[in-house]
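Undergrad: no sequence on hand, only this structure:
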């Protein structure tokens with residue numbers, strides 16, 4: 001389950017970068033970034049390797 005959260009977080013960061021550099025999708029892109037960061041932080045807090 002934790003590995004899936006990390007993969008989702010990486011995908012969200014990539015989508016955020018694409019949106020930030022190429023498109024102006026408004027708050028949705030930043031929401032994706034926040035979700036990705038939260039997923040990585042939860043993984044770190046649970047004592048698992050985020051990578």
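TA: Received the coordinates, thanks. Not measured: the values here are computed from a predicted model.

Undergrad: just checking, what packs against the helix or strand hosting residue 36?
TA: Per DSSP states H and E: residue 36 is located in helix 27-45. Helices and strands touching helix 27-45, by 3 or more CB pairs under 8 Å, 6 or more residues apart in numbering; DSSP states H and E, are helix 2-22. All C-beta atoms are positioned from the backbone trio N, CA, C, and that covers glycine.

Undergrad: pLDDT averaged over the helix it packs on - what is it?
TA: Computed over helix 2-22, the mean pLDDT rounds to 77.

Undergrad: same check on stretch 42-51?
TA: For stretch 42-51, mean pLDDT rounds to 74.

Undergrad: pull out the buried positions in stretch 30-41.
TA: Residues of stretch 30-41 classed as buried by neighbour count (16 or more other CB atoms under 10 Å): 32-33, 35-36, 39-40.

Undergrad: so among these, where is pLDDT lowest?
TA: Ranked by pLDDT, the buried residues of stretch 30-41 bottom out at residue 32 (76).

Undergrad: with adjacent residues omitted, what lies nearest to that one?
TA: Once flanking residues are discounted, residue 32 sits nearest to residue 12: 4.3 Å by CB to CB, 6 or more residues apart in numbering.

Undergrad: which SS state does residue 47 fall under?
TA: With DSSP: H, G, I helix; E, B strand; the rest coil as the basis, residue 47 sits in coil.

Undergrad: that one: how many residues sit nearby?
TA: Burial of residue 47 is recorded as 6 neighbouring residues (other CB atoms under 10 Å).

Undergrad: hmm, residue 32 is touching residue 18, no?
TA: No - contact criterion CB atoms under 8 Å: residue 32 and residue 18 do not qualify, at 10.2 Å.

Undergrad: show me the two of the buried residues of stretch 30-41 that sit farthest apart.
TA: By the measure CB to CB, 32 and 40 form the most distant pair in those, at 12.9 Å.
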